[in-house]
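> Dropping a prediction and its sequence here:
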Amino acid sequence: MSPHNPLIQPILTFADAERSPLSIRAKALVFVDPRSQRLHAEVEQLAPGYQPVLIRGESGTGKELLARHIHRASGRAGLFVAVSCSSLSAQHAEAELFGHAPGVPNSSASSRAGWFGSAHGGTLYLDEIGDLPLKLQGKLLRALETREVLRVGAREANPVDVRLVAATSFDLGRAVAVGKFDQRLFDYLDQGQLTLPPLRERPADILPLAGYFLGVHAQRLGLPAAEFSAAAQQLLERYSWPGNTRELESVIHHALLVCAERIEPQHLSLPLAVTGEGAP
């Protein structure tokens, strides 16, 4: 199972090259499973447009990778700027997102443009948009609809050309119902909605992804090429992967470190109830 398998290469999507080559994090999506192929067709339809896209999916499924794929397929010349709404400072979230005018206290010159300004002409990816402070959600909607950003401390708005791709692992409709998410923003995002299924619901993607991670990490670790035994392949396909693609990559990386030339079930760091080890 090689990462250069010609049967999967045309539908293998990689993250941008600036990511650290040593990080253990899912860096590829495959569209082999019929459900994934239907998703890929939806992506190809939505990518060239200007409307926002909301990606729904469990943690670890590769929502940011899908967002990067949308950006590349859109042909937009600007940058892809990824922001975690969970990590935005409650005190400075507005300035971080929209920027600030010169002279605003407790701010730096490097953040004057804000994330919106940095993504001008490109794509702004807001991960876990449900964690964005409620009071900022209305301002976000206004910026998207008017295509203007009012920086903190400024009196005049600046034009901005940004396409929004947002992601969530939660039910935003339920958040709206309990008053934790802006109904108008939800309606705006609902123009283009994609669902990235968990890995357990697209089983035909498991072995191609495992083969990709096997080849990549063997090369990075300077280890000889390894292969999966038939029993290991069956185990990979049978496991439910609650951590999704991120968990799969971690398991393959660990297996490479402890196996010789062949990965067997005992080399896969999976629950004992799945591997059968320790059974009487």
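Great, that's in hand.
> all contacts plus neighbour counts: C-alpha atoms, from now on.
Will do.
> Hmm, residue 225 and residue 215 touching each other?
Yes - counting by Cα atoms under 8 Å, residue 215 touches residue 225, with 7.1 Å between them.
> Settle it for me: which of these two has more neighbours?
A count of neighbours by other Cα atoms under 10 Å puts residue 215 above the other of residue 215 and residue 225, at 21 against 17.
> Would you check how far apart the more buried one and residue 254 are?
13 Å (Cα to Cα, to the nearest Å).
> How about residue 171?
33 Å.
> more neighbours, these two?
residue 254 (14 against 11).
> so what secondary structure elements neighbour whatever helix or strand that one lives in?
Using DSSP states H and E, residue 254 sits within helix 244-258. With contacts taken as 3 or more Cα pairs under 8 Å, 6 or more residues apart in numbering; DSSP states H and E, helix 244-258 sits against helix 206-221.
> Who are the packing partners of the helix it packs on?
strand 28-30, helix 230-238, helix 244-258.
> State the helix or strand in which the most centrally placed residue in the chain lies.
The centroid of the chain falls nearest to residue 64 when counting by Cα atoms, centre = their mean (1.8 Å). Using DSSP H and E, residue 64 sits within helix 63-74.
> Please pull up the helix or strand immediately following that helix.
strand 80-84.
> residues making contact with that following strand?
For strand 80-84, the external contacting residues (Cα atoms under 8 Å, 6 or more residues apart in numbering) are 68, 71, 115, 118-119, 122-129.
> Filter those residues down to the buried ones.
Buried members of the contacts of strand 80-84, scored by 16 or more other Cα atoms under 10 Å, are 68, 71, 115, 118-119, 122-129.
> Can you add pLDDT, secondary structure and distance to residue 271 and give these back as TSV?
Output for the buried ones among the contacts of strand 80-84, formatted as TSV (pLDDT from 0 to 100; DSSP: H, G, I helix; E, B strand; the rest coil; distance: Cα to Cα, whole Å):
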residue	pLDDT	secondary structure	distance to residue 271
68	94	helix	33
71	95	helix	37
115	91	helix	41
118	92	helix	44
119	94	coil	42
122	96	coil	43
123	97	strand	39
124	96	strand	38
125	97	strand	34
126	97	strand	33
127	97	strand	30
128	96	coil	29
129	96	helix	33
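> what's the closest of the contacts of strand 80-84 to residue 135?
The closest of these to residue 135 turns out to be residue 129 (Cα to Cα; 12.9 Å).
> ok, residue 261 - how many residues close by?
Considering only other Cα under 10 Å, residue 261 is surrounded by 14 other residues.
> Confirm for me that it is in contact with residue 218.
No - contact criterion Cα under 8 Å: residue 261 and residue 218 do not qualify, at 10.8 Å.
> Pull up the overlap in contacts between those two.
224, 225, 226.
> min pLDDT across these, which one?
For the shared contacts of residue 261 and residue 218, the model is least confident at residue 225; its pLDDT is 80.
> Can you classify residue 167 as helix, strand or coil?
strand (DSSP: H, G, I helix; E, B strand; the rest coil).
> What is the neighbour count of it?
Around residue 167 there are 27 residues (other Cα under 10 Å).
> contacting residues around it?
Contacts of residue 167 by Cα under 8 Å, 6+ apart are 54, 55, 56, 57, 63, 64, 125, 126, 127, 128, 129.
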